[in-house]
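Participant: Build me a model:
(chains A, B, C and D)
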Number of protein chains: 2
Amino acid sequence: MNLISRNTFVLMKSKRQQIKEHAARLFRKQGYKATNMRQLAEAVGVKAASLYNHISNKEELLQELLMDMAQLFTQSMAEVHSSSLNPVQKLERLITDYVRYTVEHTDAISLLTGEWVHLADDPKKEFLNLRDNYEDGFRQILTDCMEAGHFKSIDVDIALFSTLSTLRWLYSWYSKHKDFDQQELEKQIKTMLIEGLRKQPISIF
Amino acid sequence: MNLISRNTFVLMKSKRQQIKEHAARLFRKQGYKATNMRQLAEAVGVKAASLYNHISNKEELLQELLMDMAQLFTQSMAEVHSSSLNPVQKLERLITDYVRYTVEHTDAISLLTGEWVHLADDPKKEFLNLRDNYEDGFRQILTDCMEAGHFKSIDVDIALFSTLSTLRWLYSWYSKHKDFDQQELEKQIKTMLIEGLRKQPISIF
DNA sequence: TAAACTAACTAACATTTGTTAGTTTTGCCA
DNA sequence: TGGCAAAACTAACAAATGTTAGTTAGTTTA
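Facilitator: Numbering: from 1, shown residues only, chains lettered A, B, ... in the order given. Alright, predicted model coming up:
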């Protein structure tokens, strides 16, 4: 005992969490392979060997960062799936969640696009499995939107890929426009992705 | 002399070119940092030291692969810029070129998104400079489209980012759909990006 | 045929890197 | 205050990595 006095501040992040956040920032900037434990240690303000009092190895960091994010998306999809929203509303919710995750976890989110290749076989499978499930859920919702007559009937895989591309790249755009209001960003992305897909623009009604 | 007898086949690629292509494939699959010269050598069918008869160092490979692609885009933009097409036609041409480059140089194109971070300072600046110029040209054309009244007036930076996201991610989609006809892919991407952006869908006319 | 060049090979190098062992410091609580 | 656990430090390791040196075999040129 106890967290309060040991860490000086009541809500102070655990050392482990601090390490993960510094790791996310470095992995993003330099890539996982190009980031070494001495750099990470320096960022944390400690010697390299001391990191191992809090983590078991380097890959564990990448693994947890990726899985933490994957869990968020899995949860987002589960909530949307079990809701009673209509397809277009479901799509909007997914986009809202994606924008929020991007704003709240910019560094970790950025790792989702390319760094998972450095995972060992088993965690890689696990990660890709979650990602595939998310994509399948997304595809299903897009299909529902089309079948309900709300959207143009373009190839659903191309629509899916284009939509996810925009969302997956968002962290990069957001990093250069941190001042942009989150609500406004969310609205514009929805306009771009949803109204852009809609058979008839809302404005003509 | 001469290339013919030395290489057995008249149109045989130079060893240097072969190395670059293997490098592109490995850099894409594993990342630049995670690919070592012994792996590359094995892929080429030679010992690591022998590579240095054809290249001067590892980074040169990445540098040339990235610059080769950057030149393609720079040329594409220059041609479009000096053409007499209208803004929407210009946009279509950029998309056509992008799809073609992606199909013809899938591996090298994939490196554009993340691997440039591993360049040394000077080549990195050079690369990012070309990329920025391309983005500026693209932004200008989107702006022209909007001002000509062809497109919705959404934030041009968001439209730019969303469009480029789709194009930049295309290599990933294409890799899983190699059978998809290039012309058809081009058409669908245009529909998605251009008709999707258009104020009134063509279908209602 | 002799000289020159190309491109392969083996061996080895200096660094870098992730990680461990062993030790010391720190701060809480009895 | 003395004991204890957490967490820091120093030192060192084994492996991996990019690259160079020196050599050799084969091919082209003079």
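Participant: Chain B contacts on chain A?
Facilitator: Taking C-beta under 8 Å from any C-beta of the partner chain as the measure of proximity, chain A contacts chain B at A:29-31, A:33-34, A:113-114, A:117-118, A:152, A:154-155, A:157-159, A:161-162, A:164-166, A:168-170, A:172-173, A:177, A:185, A:188-189, A:191-193, A:195-197, A:199-201, A:203-204. C-beta coordinates here come from the backbone N, C-alpha and C atoms, glycine included.
Participant: Need the buried ones from these selected in ChimeraX.
Facilitator: Selection of buried members from the residues of chain A next to chain B for ChimeraX, criterion 16 or more other C-beta atoms under 10 Å in any protein chain shown:
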select /A:31,33,34,113,114,118,152,154,155,157,158,159,161,162,164,165,166,168,169,170,172,173,185,188,189,191,192,193,195,196,197
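Participant: Give me the subset of the residues of chain A next to chain B lying in helices.
Facilitator: Taking DSSP state H as the definition of helices, the residues of chain A next to chain B contribute A:29-30, A:113-114, A:157-159, A:161-162, A:164-166, A:168-170, A:172-173, A:185, A:188-189.
Participant: buried set for the helix ranked longest in chain A?
Facilitator: Longest helix in chain A by number of residues, with DSSP H as the criterion: helix A:121-147. For helix A:121-147, burial by neighbour count (16+ other C-beta under 10 Å) applies to A:123, A:127, A:130-131, A:134-135, A:137-142, A:144-146.
Participant: Please apply the same query to stretch A:75-85.
Facilitator: Residues of stretch A:75-85 classed as buried: A:76-77, A:80 (neighbour count, 16+ other C-beta under 10 Å).
Participant: Now do that stretch, average pLDDT.
Facilitator: Averaged over stretch A:75-85, pLDDT sits at 98.
Participant: Quick check: which ranges of chain A have low pLDDT?
Facilitator: Per-residue confidence for chain A (pLDDT under 70) gives these ranges: A:1-11, A:196-205.
Participant: any idea which of the buried residues of helix A:121-147 is closest to DNA strand C?
Facilitator: Within the set of those, A:P123 lies nearest DNA strand C; the separation is 13.4 Å, counting by C-beta to the nearest atom of the strand.
Participant: Surely the closest one and A:L61 touch.
Facilitator: No. Taking C-beta atoms under 8 Å as the definition, A:P123 is not a contact partner of A:L61, at 11.8 Å.
Participant: who's in contact with A:A34?
Facilitator: Going by C-beta atoms under 8 Å, 6 or more residues apart in numbering or on different chains, A:A34 touches B:33, B:117-118.
Participant: who in chain A is up against DNA strand D?
Facilitator: Counting by C-beta under 7 Å from any atom of the strand, chain A comes close to DNA strand D at A:15, A:41, A:46-50, A:53-54.
Participant: Now do the same contact list for A:F27.
Facilitator: Contact partners of A:F27, counting by C-beta under 8 Å, 6+ apart, are A:35, A:61-62, A:65, A:107, A:111, A:115.
Participant: got the residues you listed as a markdown table, with secondary structure, neighbour count and distance to B:V99 columns?
Facilitator: As requested, the contacts of A:F27 are exported to a markdown table (DSSP: H, G, I helix; E, B strand; the rest coil; neighbours: other C-beta atoms under 10 Å in any protein chain shown; distance: C-beta to C-beta, whole Å):
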| residue | secondary structure | neighbour count | distance to B:V99 |
| --- | --- | --- | --- |
| A:T35 | coil | 22 | 34 |
| A:L61 | helix | 24 | 38 |
| A:L62 | helix | 25 | 33 |
| A:L65 | helix | 24 | 33 |
| A:D107 | helix | 19 | 32 |
| A:L111 | helix | 22 | 28 |
| A:E115 | helix | 20 | 27 |
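Participant: want to throw those into a markdown table with distance to B:I95?
Facilitator: Below are these laid out as a markdown table (distance: C-beta to C-beta, whole Å):
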| residue | distance to B:I95 |
| --- | --- |
| A:T35 | 36 |
| A:L61 | 39 |
| A:L62 | 35 |
| A:L65 | 35 |
| A:D107 | 31 |
| A:L111 | 29 |
| A:E115 | 29 |
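Participant: Chain B: which of those is nearest?
Facilitator: For the contacts of A:F27, the closest approach to chain B (C-beta to the nearest C-beta) belongs to A:E115, at 8.5 Å.
Participant: Which residue, neighbours along the chain excluded, lies closest to the closest one?
Facilitator: Leaving aside its chain neighbours, A:E115 sits nearest to A:Y32 (4.9 Å; criterion: C-beta to C-beta, 6 or more residues apart in numbering or on different chains).
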